[in-house]
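Novice: Build me a model from this:
(4 chains)
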There are 2 protein chains.
Amino acid sequence: MSDISLGERMRRGDVLAPHCPSRVVLRQLTSTWGVLVLLALRDGMLRFTQLRRRVGDVSDRMLAQTLKQLEAHNLVERRSFPVVPPHVEYRLTPLGEDAANRIAQLTDWIEHRLPDFGAAAA
Amino acid sequence: MSDISLGERMRRGDVLAPHCPSRVVLRQLTSTWGVLVLLALRDGMLRFTQLRRRVGDVSDRMLAQTLKQLEAHNLVERRSFPVVPPHVEYRLTPLGEDAANRIAQLTDWIEHRLPDFGAAAA
DNA sequence: TCTTACACTTACACATTTGTGCGTACTTCC
DNA sequence: GGAAGTACGCACAAATGTGTAAGTGTAAGA
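Specialist: Numbers count the residues shown, from 1 in each chain, chains lettered A, B, ... in the order given. I've put the predicted structure just below:
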């Protein structure tokens, strides 16, 4: 009875509504590796292998996939140079920087309040 | 060469480091249903069925599982009354409110910049 | 009497995510 | 001449996430 109608929710662009495109972006932005790559790139440009070393426990496969998705969402820019061995640079777009800063606020808060999350966080 | 040592990262409590407990919390906090449940509870207490109606397309199974995890992380408080039919109330803890507000800032920003994320967000 | 509602739980199966190992074309270093 | 580094792509398998359908016990409402 006190429920909000679907139409009402869509008008507000609410993520709570199913099929809202925000959910797609949110999923990518907050995916395990998406978050970590964004954070890693906050300090500036990195090459593929540097990124892999920086982000703990990421596999080649997931890193490549994550970078593609971030690029598709305009969060990361990829520059490749036609030399051998291959040379590719990754950096944040302005949109990506904005996103990364917000993510960083969240992770900083989590780290700060870590003890409060109880035994489940062990 | 410019890599930061693992020890250095752990001291800073960096999420980039593997096995950092922050990753666990982050995963839960930003999980598909975790986010949506936190947002749904921002307006106050809700019962199980209300919550299910509020959060689009969530199944009984996932909702129950999500609520358990959020409770384990001290983000949600569960109050059950020994009546029949069962009556259970869910509400945010202070920690949960803090989390929910931060998540909301992120989703608001996403909704606001949605057009900028390109065709991939379609 | 029979259905509906509540707040779940369990079993099963499918979908998505993630890891592993292998290969590449070439160059530099030992 | 052999090994290592670069930035990946691909095939296969394991792990995890998620949905579906069914069932629980009781009581209020038709």
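Novice: confidence score at the closest residue to residue A:55 other than its chain neighbours?
Specialist: Distances taken as Cβ to Cβ, 6 or more residues apart in numbering or on different chains put residue A:36 closest to residue A:55, at 4.7 Å, once the chain neighbours are dropped. Backbone N, C-alpha and C define where each C-beta goes, glycine included. For residue A:36, the model assigns a pLDDT of 92.
Novice: for chain A, what spans make up the helices?
Specialist: A:6-11, A:21-29, A:32-40, A:48-54, A:60-72, A:94-112 (DSSP state H).
Novice: what about chain A, any weak spots by pLDDT?
Specialist: A:1-18, A:119-122 (pLDDT under 70).
Novice: Can you name the residues of it that neighbour DNA strand C?
Specialist: A:27, A:31-33, A:57-62, A:65, A:84-85 (Cβ under 7 Å from any atom of the strand).
Novice: Can I have the buried ones of those residues as a PyMOL selection?
Specialist: The PyMOL selection below is limited to those of these classed as buried (16 or more other Cβ atoms under 10 Å in any protein chain shown):
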select buried, chain A and resi 31+32+33+58+62
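Novice: So what's the residue count around the residue nearest to residue A:55?
Specialist: 27 (other Cβ atoms under 10 Å in any protein chain shown).
Novice: roughly how far apart are it and residue A:86?
Specialist: Residue A:36 is 23 Å from residue A:86, where distance means Cβ to Cβ, to the nearest Å.
Novice: how close does the nearest residue to residue A:80 once chain neighbours are set aside sit to residue A:63?
Specialist: Using Cβ to Cβ, 6+ apart and skipping residues adjacent in sequence, the residue nearest residue A:80 is residue A:88, 4.5 Å away. Distance, residue A:88 to residue A:63, by Cβ to Cβ: 12 Å.
Novice: ok, now residue A:85?
Specialist: 17 Å.
Novice: thinking again about what came up before, residue A:88 and residue A:63: which is more packed in?
Specialist: Neighbour count, other Cβ under 10 Å: between residue A:88 and residue A:63, residue A:63 has more, with 19 against 14.
Novice: neighbours around the residue nearest to that one when sequence neighbours are not counted, how many?
Specialist: The shortest distance from residue A:63 to any non-neighbouring residue, by Cβ to Cβ, 6+ apart, is to residue A:52 (5.5 Å). Neighbour count for residue A:52, taken as other Cβ under 10 Å: 18.
Novice: How far does stretch A:59-69 sit from its chain's centre?
Specialist: When distances are taken as Cα atoms, centre = their mean, to the nearest Å, stretch A:59-69 is centred 12 Å away from the chain's centroid.
Novice: no no, stretch A:70-87
Specialist: Distance, stretch centre to chain centre, for stretch A:70-87: 17 Å (Cα atoms, centre = their mean).
Novice: distance of the nearest residue to residue A:51 once chain neighbours are set aside from residue B:84?
Specialist: Spatial nearest neighbour of residue A:51, excluding adjacent residues (Cβ to Cβ, 6+ apart): residue A:40 at 5.9 Å. To residue B:84, residue A:40 is 53 Å away according to Cβ to Cβ.
Novice: same thing with residue A:68?
Specialist: Residue A:68 sits 53 Å away from residue B:84, going by Cβ to Cβ.
Novice: Show me which residues of chain A sit near DNA strand D.
Specialist: Residues of chain A lying close to DNA strand D (Cβ under 7 Å from any atom of the strand) are A:47-50, A:60-61, A:64, A:67-68, A:78, A:80, A:84-88.
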